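> Pasting the sequence and the predicted coordinates here, then a few questions.
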Amino acid sequence: MRKMGIGIAALAAGSLLLAGCAGGSSTTTPAEPESAAPIDASGVTLTVWTDENREPAITAAAKTFEEETGAKIDLVQKNFGDIRNDFTNQVPTGKGPDITIGAHDWLGGFVQAGVVATVDLGENASKFEKVATDAFTYDGQTYGLPYSLESVALVQNTDLVGEDAPATFDDMIAAGKKSGADRPFVINTENAKGDAYTMYGLQTSFGAPVFTQDSSGSYTNEVGMGGDAGTAFATWLGEHGEKGSGEISTTIDYDTNNELFASGKAAYTIQGPWAIKALTDQGAKIKVNPIPSAGGETASPFVGVQGFYISAESANALVAQEFVTKYLATYDAQKALYEADPRIPAWSDLAEEVSSDPVIAGFAASAKNGGPMPSIPEMGSVWDLWNAAQVQIIKGANPEGTWTTMVADLEKTIG
C-alpha cells in the first residue's frame, strides 16, 4: 500500500516505456468532437494545486484555456503528500484552491468534510476506463475527473517459466517448481506486519471483497469478506502458509521479495509498476500478466486512481467545471499528463495506445480485472485488523477462528 504513490514513472527509469509514447509517436491523434463555444471568463482567476511532476502538463491545458476564455490559471506547486490535509483544512476557510490534483481514496474524507463538488463528465464519461470513473463515484455521484490508474499484477521470470500466463495459482506453483527456482513464488507480507493490499487479488478470487458495493458501484460500509467466502480464503491462506506448503511467509518484506525475484531465486511474484526497476536491475527478463485465480473467481486487485477535484467552496465553480471537464478531459491533455508522469492512462484510447509496451499492457490488463480501493472513511479502520489476521494465519493460527474474529472486530469497530 505504501508503495503505490510512486506510480508507473519507475518504468521510464527502467527504459521500459514505449519511446513513441513520450513524443514522436506515429499513432494518429483521435479527433476531438466539436464542442460548444468557450465561455467568457474574463476577469476570473482559478487557483489549481498540482505537484512538480504534473505541473508542465497542466500548464499546457491552462494556456489554451486562458487563450479561449479570457480566464487566468494560477498554478500552485505543492508537495503531493501535503495536498490532502491542506485541502481539507483550507477549503472551509475560503483559502483553498478552486481545483486540486489528488488520489481517489481521499474522496470519502473529502465528501464527509464537505469540501468537494460533484463533477459532470457528460459524454466524456464513456471515454474513461470504467474502474477510473467508479473510483471517483461516491453514493452514486461523481466527484472527480480521473486521469491515471495503477495496480499490482503477476510478474514472471520468462527465462524460468516462459511468457504464458498461468490460469490458476496451482498452475503457477507447478510451473515455478518445474523451473528449478529456489522458490516458485514470493509475495510481500511486510515481515510480521502483513500486506493485505498486495494479497487482495488472491482474496477476491474467493469472492471475498473487503466491502460490498451497491448497484451504482459505490462502496457500502458492509464488510464483504465474512461468511463462507472469507473462510475459504483464510483456509487457503493457512494451507499455503508457514505450517502448510510454505509459498507464503512472514519472512518476506518488500526489498527481500524484490531481491529474490531479481536474482532468479523466485519464478513469480505479485508486484506493482513501482517495483519494475528493482525486479529487473540484475537482468531478469519479465512478463507481466493478470493475477491467477486461487479461489475460482477472477482475481480483482485494488486499483488506485488519480485525478482532479473541484472545491465545494470555489467562488468560480462554473469556470472550474469548464476547465476540468472541457480542457483536462481531452486526448491531448490526458496524453500530456501521461508524458509528464507516466502511469496507466484512465483515458481508454490512450491506455490502448501506450499498451504497445508489453509491461504496461500487463499492468493495464490486471487493472481491468480490478476494482478501485474503497474511498469510504471506514477503510481507514480496516488495515490493522486485516493485516494482523493474515499474518497470524500465515504463521499457523486457526484460519476460520482467526478470520471470523477479525471480521467481527471490524464490524464492531465501524459500527
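Perfect, I can see it now. Residues are numbered from 1 along each chain as shown.

> Contacts only, for Leu337.
Arg54, Ala57, Ile58, Tyr147, Ser148, Pro345 (Cβ atoms under 8 Å, 6 or more residues apart in numbering). Where C-beta positions appear, they are placed from N, C-alpha and C, glycine not excepted.

> Spell out the secondary structure type for it.
Classification of Leu337 using DSSP: H, G, I helix; E, B strand; the rest coil returns helix.

> pLDDT value on it, please?
With respect to pLDDT, Leu337 has a value of 92.

> Show the secondary-structure elements that the biggest strand by length in the chain is packed against.
Ranked by residue count, the top strand of the chain under DSSP state E comes out as strand 302-310. In terms of contacts (3 or more Cβ pairs under 8 Å, 6 or more residues apart in numbering; DSSP states H and E), strand 302-310 is packed against strand 99-103, helix 130-135, strand 145-151, helix 317-322, strand 371-372.

> so for it, what's the average pLDDT?
Computed over strand 302-310, the average pLDDT equals 96.

> what pairs with that strand, and is each one parallel or antiparallel?
Strand 302-310 pairs in its sheet with strand 99-103 (antiparallel), strand 145-151 (antiparallel), strand 371-372 (parallel), by DSSP bridges.

> So what's the gap between the helix or strand following the last one and the chain middle?
Scanning forward in sequence from strand 371-372 by DSSP states H and E, the next helix or strand is helix 383-395. On the basis of Cα atoms, centre = their mean, to the nearest Å, helix 383-395 is displaced by 22 Å from the centre of the chain it belongs to.

> which residues sit against helix 383-395?
1, 189-190, 192-196, 199, 210, 234, 237-238, 241-243, 248-250, 399, 402-403, 405-406, 409-410, 413.

> in it, what counts as buried?
Using 16 or more other Cβ atoms under 10 Å as the test for burial, helix 383-395 gives Trp383, Leu385, Trp386, Asn387, Ala388, Ala389, Gln390, Val391, Gln392, Ile393, Ile394.

> cool, and stretch 285-296?
Those would be Ile286, Lys287, Val288, Asn289, Pro290, Ile291, Pro292, Ser293, Ala294, Gly295, for stretch 285-296 by 16+ other Cβ under 10 Å.

> which SS state does the residue nearest to Gly295 when sequence neighbours are not counted fall under?
Excluding the flanking residues, the one nearest Gly295 by Cβ to Cβ, 6 or more residues apart in numbering is Phe206, at 3.2 Å. For Phe206, the secondary-structure state derived from three-state DSSP is coil.

> State the number of residues packed around Thr235.
By other Cβ atoms under 10 Å, 16 other residues sit near Thr235.

> how near is it to Glu247?
Separation of Thr235 from Glu247 (Cβ to Cβ, to the nearest Å) stands at 15 Å.

> residues touching Phe111, list them.
No Phe there; residue 111 is Val. Counted by Cβ under 8 Å, 6+ apart, Val111 has contacts Tyr138, Asp139, Tyr143.

> what do you get if the cut-off is 7 Å, keeping everything else the same?
Taking Cβ atoms under 7 Å, 6 or more residues apart in numbering as the contact definition, Val111 lies against Tyr138, Tyr143.

> From the contacts of helix 383-395, list just the buried residues.
Those of these that meet the buried threshold are 1, 189-190, 194-196, 199, 210, 234, 237-238, 241-242, 248-250, 399, 402-403, 406, 410, by 16+ other Cβ under 10 Å.

> Might you specify the subset of those located within helices?
Residues of the buried ones among the contacts of helix 383-395 located in helices (DSSP state H): Ala196, Met199, Ala234, Leu237, Gly238, Pro399, Thr402, Trp403, Met406, Leu410.

> out of those, who's nearest Asp281?
For those, the minimum distance to Asp281 (Cβ to Cβ) is 24.8 Å, reached by Met199.

> And the closest one, what's its pLDDT?
At Met199, pLDDT is 98.

> any idea how far Gln213 is from it?
In terms of Cβ to Cβ, Met199 sits 20 Å off from Gln213.

> likewise Asp182?
Distance, Asp182 to Gln213, using Cβ to Cβ: 40 Å.

> Likewise for Thr168?
Applying Cβ to Cβ to Thr168 and Gln213 gives a distance of 25 Å.

> which stretches of the stretch 101-250 of the chain aren't confidently modelled?
For the stretch 101-250 of the chain, applying pLDDT under 70 flags no range at all.

> on that earlier part again, distance to Ser126 and mean neighbour count added to the strands paired with strand 302-310, as a markdown table?
As requested, these are exported to a markdown table (distance: least, Cβ to Cβ, whole Å; neighbours: other Cβ atoms under 10 Å):
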| stretch | distance to Ser126 | mean neighbour count |
| --- | --- | --- |
| strand 99-103 | 23 | 25 |
| strand 145-151 | 13 | 27 |
| strand 371-372 | 18 | 24 |
